[in-house]
Structures are given as structure tokens and as C-alpha cells.
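Asks: make a model of this:
(one chain, ligands or ions: 2)
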Amino acid sequence: MLTDKQISKLKEILGTPIKIAIIMHKSPDGDAVGSSLGMKSYLEKFGHKVSVLSPNAYPEFLKWMPGTKSVIDFEKTATIANQAILKAELIIFLDFNSLKRIGDLEIAVKKSKAYRLVIDHHPQPENFAEYAYHNAGASSTAELVYDFITLLGDNKKIHKDIANCLYAGIMTDTGSFRFSSTTAHTHEVVAELMRHGAETAKIHRFIDDNNRDIRLRLLGYAVTEKMKILPDFATGFITLTQSELKRFDYKDGDTEGLVNEPTSVKGIVFSALFTELKDGEIKISFRSKDNFDVNQFARNHFNGGGHRNAAGGKSDLSMDETIIRFLTLLSDYKKELKG
Ligand code: 5GP
Ligand code: MN
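Replies: Ligands and ions are numbered 1, 2, ... in the order given. As a prediction, the model looks like this:
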């Protein structure tokens, strides 16, 4: 958390218009994009020049957000992204706890002499910014951005664009307010965002009801043909190879939420989605219920991390080898999973 002295210093830094770079994590989700664009709209009210940087592309279903067109994609325009970082007087990191999560944007960040502020809710944060507004108990980074704006005394400055972005971040990270990370404070923040103009029904429509029909067919195929349920391990998992993704004209974000499906089966407490990326790497998403700690599981075995009940990682093995490894691990965790 920030000390009073740090808050005063941040107010001083933001007291005159400066250049600011906001950086989101790789494969940014609704919380990363929502908190970043909400923060951008807020800062621009004070005349700051704000660049929002993403290590790679983000899903179509988030592209309705105000400010979306200005996002700089490092994968497409590395030079422009690096320049924005090197010119910035303040860098704001949103929704991640380790510089490993921003890929090669890290190189320019390490060269920069800018002030650094991180706002995040992932457990076990690494120390890479002198100003850290961190709370692992928060539902989302967007909720913390709301709290941060309030902390700076600017609550009244929140307008519709900011409210819409922050609402989208909170809503996506809480699975529409159903995950255990949702607190009374989360609902209070949402109530305030609604008072500040958040168009909640419209946002749910933009995010949930904006699919190409082929995406729904991919999800149907994944659940019908590719989902394995292992009651002996209280586990369900789904695999999708590149050729399967191509068959369904896969676009970034198309498998968003799919990892949750196995956990809707009675008795399942652990779920995994294995997706083969274009370069052959296997990207893995984990979800759990109650006490099974997928952050620790991802850290220990798949070079990843996240939260206790939602985490991710990767594997350099082939899909088949990765699954064999996963099944072997399940035997080791059987007691915990069935406990
Ligand atoms: P998702 O499964 O939706 O991609 O990610 C779930 C959670 O795990 C998010 O909080 C995300 O930041 C985190 N996460 C996903 N992939 C990785 C990874 O490769 N490394 C780390 N450290 N965290 C990840
Ligand atoms: Mn988040």
C-alpha cells in the first residue's frame, strides 16, 4: 500500500501535465484493458499525454472501450512502443505482479528512468516499482484503480467513459460478480460506477453477446469432443490444438471463459485448458474452487502463476507429453483434490 508521503509525492508528480506510459500484461484480459483505458481517461482529464501499451493483441470483444484505438501493440509496432516508454516520465503497470508478464517491453522499461507505479491484485508481487498500490484481496485491478482515484481525492472526476472501462474490468475478473473474490466493497464500487454513468446492461451485451457464430461452435466442439472429466481426481480438462483452432477460425479471446466449463460439473474442483499456440508452445489456464491453490500449482509445475482460484502457465513439451505430465501430477495431488 502507499504511504501518506508517497500519496503526496504522486499528487505532486501528477500536478503538472507529463508524459505517462501505461503497460498491460501479455494477452491482456478485460481487467487489464479496462483498468488501463479507465486510467488513461482519468489522467487525460488533467492534460497528461498518456500512451497505453500492450505486449500483444487483445480480444475483439473489448474493442468497444473508449480509447481502444490508441492502444500501442508491441508485437505490431515495437519501435513506437519502446519510444513511448523511453519518453515517459511516469510508467504505470496495471494488473500484473512481475515484469516477466510484459515480454520484451521489459527491455525498454529497464532502460527508463521514469517514476514507476504498479496497481495490482495478484498475490506474491515482485518489487519492480517504487510506488505500489497492491491488494491481493481486491476483486480486480479495475476496482483498485477506482480506489486509487478516490485516494487522490478525484472521485468526483469519474465520468461515463472511466466508469464504463472500470465496470468492464471488475465484471470480467469476477465472472460477473460470482467468484469468491467479489466483496461487499466490490458491489459498493460498482454502485458508485453506476452513479457515475456506467452503462452496465450495455457492457454485458458488448462483452457477452458479441460473438461470431463460429466461436460458439468452437466452444460446443471443445465441450462435446475434447472435455475430459476425471471424477477420481475431481478434475476436468480440455485440450485444443492449432489445427482445431484453425478449423474454427480462431481469433484472440475466442476461448475466454472456456476453462470455467468443467468446474460447472458437480464435484469438479480443478479445471485446466491447454491451448497450442502458433509457435507450438502450450498455453495453460487453470481454475479451481475452494482451497485447491492453482497459483501454486502453476508456479511449481508450469512456469506460471496467478491467483489461488485462477492462474495460468505454459509448457514447452508437445500437447501429448504435456497431458501425460499433467495426469502424472494429478496422481500426486489426488489427496488434496479429493480432500
Ligand atoms: P487466464 O487463465 O485467464 O489467462 O489467467 C488467469 C490468471 O492467471 C490471471 O490473473 C493471469 O494474470 C494469470 N496468468 C495467466 N497466465 C500466466 C502466466 O503465464 N504467468 C503468470 N505468472 N500468471 C499468469
Ligand atoms: Mn486482474
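Asks: quick check: the residue at the greatest distance from the centre of the chain vs Pro66, distance?
Replies: Most distant from the centre of the chain: Asp232, at 31.2 Å, with distances by Cα atoms, centre = their mean. For Asp232, the distance to Pro66 equals 49 Å [Cβ to Cβ, to the nearest Å]. From N, CA and C alone the C-beta is placed, and that goes for glycine too.
Asks: mind listing what's buried along stretch 268-278?
Replies: 268-276 (16 or more other Cβ atoms under 10 Å).
Asks: with stretch 44-60 instead?
Replies: Neighbour-count burial for stretch 44-60 flags 44, 48, 50-55, 57-59 (criterion: 16+ other Cβ under 10 Å).
Asks: so is it next to ligand 1?
Replies: No: counting by Cβ under 6 Å from any ligand atom, ligand 1 is not contacted by stretch 44-60; separation bottoms out at 11.1 Å.
Asks: what does the stretch 201-339 of the chain put close to ligand 1?
Replies: Close to ligand 1, as judged by Cβ under 6 Å from any ligand atom, the stretch 201-339 of the chain has residues 285, 304-307, 310-314.
Asks: any of those residues buried? List them.
Replies: The neighbour count (16+ other Cβ under 10 Å) marks 285, 304-307, 310-314 as buried among these.
Asks: tell me which entries of those residues lie within strands.
Replies: Among these, DSSP state E puts 285, 305-306, 310-314 in strands.
Asks: still on that earlier bit, now the residue farthest from the centre of the chain: how far from ligand 2?
Replies: Taking Cβ to the ion, to the nearest Å as the measure, Asp232 falls 32 Å from ligand 2.
Asks: residues in contact with that residue?
Replies: Going by Cβ atoms under 8 Å, 6 or more residues apart in numbering, Asp232 touches 334, 338.
Asks: where's the closest residue to Gly103 other than its chain neighbours relative to ligand 2, distance?
Replies: Nearest residue to Gly103, sequence neighbours excluded (Cβ to Cβ, 6 or more residues apart in numbering): Pro55, at 4.3 Å. According to Cβ to the ion, Pro55 and ligand 2 sit 15 Å apart.
Asks: am I right that Pro55 is in contact with His25?
Replies: Yes: Pro55 is in contact with His25 according to Cβ atoms under 8 Å; the separation is 7.1 Å.
Asks: CA atoms only: put the helix or strand hosting Ala272 into CSV for me.
Replies: In the assignment (DSSP states H and E), Ala272 maps to strand 270-276. Extracted C-alpha coordinates of strand 270-276, given in CSV (Å, rounded to 0.1, in the frame of the first residue of the first chain):
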residue,chain,number,x,y,z
PHE,A,270,-10.0,-28.3,-10.6
SER,A,271,-10.0,-27.4,-14.3
ALA,A,272,-7.4,-26.8,-17.0
LEU,A,273,-7.5,-25.6,-20.6
PHE,A,274,-4.5,-26.5,-22.8
THR,A,275,-4.2,-24.4,-26.0
GLU,A,276,-1.5,-24.9,-28.6
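Asks: give me the mean pLDDT for it.
Replies: Across strand 270-276, the average pLDDT comes to 98.
Asks: between that strand and strand 310-315, how many degrees?
Replies: Strand 270-276 runs at 40 degrees relative to strand 310-315, counting by axes from the mean of the first three to the mean of the last three Cα atoms, to 10 degrees.
Asks: ok, the closest residue to Phe286 other than its chain neighbours - contacts?
Replies: Excluding its sequence neighbours, the residue lying closest to Phe286 (Cβ to Cβ, 6+ apart) is Val294, at 3.9 Å. Val294 sits next to 270, 286-288, 306-311 when contact means Cβ under 8 Å, 6+ apart.
Asks: so the residue in the chain that ligand 2 sits nearest to, which state does it fall into?
Replies: Per Cβ to the ion, Asp31 is where the chain lies closest to ligand 2, at 3.5 Å. Classification of Asp31 by DSSP: H, G, I helix; E, B strand; the rest coil places it in helix.
Asks: for the residue most central in space within the chain, give me the pLDDT.
Replies: Nearest to the mean C-alpha position of the chain, counting by Cα atoms, centre = their mean, stands Asp29 at 4.1 Å. Predicted confidence (pLDDT) for Asp29: 96.
Asks: next: Asp4.
Replies: Looking at Asp4, the pLDDT reads 97.
Asks: what is the burial count for it?
Replies: 7 (other Cβ atoms under 10 Å).
Asks: phi, psi for it please.
Replies: Main-chain torsions, Asp4, degrees, to the nearest 10: phi -60, psi -40.
Asks: tell me the contacts of it?
Replies: Contacts of Asp4 (Cβ under 8 Å, 6+ apart): none.
Asks: so Ile238 lies in a strand, does it not?
Replies: Yes: counting by three-state DSSP, Ile238 is found in a strand.
Asks: ok, Glu89 to Glu336 distance?
Replies: Counting by Cβ to Cβ, the gap from Glu89 to Glu336 is 48 Å.
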